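J.: whatever this is, show me its structure:
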Amino acid sequence: MSRIGRKPINIPAGVDVKIDNGVITVKGPKGSLDFAFNKNMTVEIKDGSIEVTRPNDAKENRSLHGLTRTLINNMVVGVTEGYKKELEVNGVGYRVQKQGNKCVMNLGYSHQVIVEDTDDVKIEVPDPNKIVIVGIDKQKVGQFAAEIREKRPPEPYKGKGIKYADEVIRRKEGKAGKGK
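T.: Predicted coordinates:
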């Protein structure tokens, strides 16, 4: 039995969960999320918690069991607490600023890079070298952060670029001179 799939998901106060025709809807103080789970999985609400069970030990069902439980748990955490990813901008002259719902980035290109907030994901700029991406859907927050990081990935020689706050860049030594 899957160790993660076996664990029940506690439903916190203020969160409303509905299951209807293979779709689970979680509503909370921060918003609402839907997820269409696999028809083989059984999702039930039992005394204040959500339980995910599988019909048998077939390989596909074993792999879906823990996944389904984790995705539903991420939804519950998202509508109560939300998710955030922090990015750091390193480099001389590299700056970030927020203008309305747009994030304007100077990343050493001849032009400014402009990224807009979406309905699901918001950008916060607490200081000129930090970007915080906030939202209720863990997958969308991570994807949006990856797309912003892609605008100028960190390079290994000087460490310039956009990196995750917890990311460690392995630095390389520059060109070696002539060894006479």
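
J.: same for the helix or strand K27 falls within, what does it pack against?
T.: Using DSSP states H and E, K27 sits in strand 23-28. Other elements packing on strand 23-28 under the criterion 3 or more CB pairs under 8 Å, 6 or more residues apart in numbering; DSSP states H and E are strand 16-20, strand 31-36, helix 59-80. Yep, even glycine has a C-beta here, placed from its N, CA and C like the rest.

J.: got the buried residues for the helix or strand following the second one?
T.: The C-terminal neighbour of strand 31-36 among helices and strands, as given by DSSP H and E, is strand 42-46. Applying a neighbour-count criterion of 16 or more other CB atoms under 10 Å, the buried positions in strand 42-46 are V43.

J.: just the angle for strand 42-46 relative to strand 31-36, thanks.
T.: Going by axes from the mean of the first three to the mean of the last three CA atoms, to 10 degrees, strand 42-46 is angled at 140 degrees with respect to strand 31-36.

J.: start the count at 48 instead of 1 going forward.
T.: New numbering, starting at 48: the last item is strand 89-93.

J.: strand 89-93: what's the following helix or strand?
T.: Later in the chain than strand 89-93, the nearest helix or strand by DSSP H and E is strand 96-100.

J.: give me the phi and psi for the residue nearest to the spatial centre of the chain.
T.: Central residue check for the chain by CA atoms, centre = their mean: the C-alpha nearest the mean position is that of G189, 2.9 Å away. Main-chain torsions, G189, degrees, to the nearest 10: phi -60, psi -40.

J.: what strand or helix carries the closest residue to it other than its chain neighbours?
T.: The shortest distance from G189 to any non-neighbouring residue, by CB to CB, 6 or more residues apart in numbering, is to K132 (6.5 Å). Taking DSSP H and E as the criterion, K132 maps to strand 130-137.
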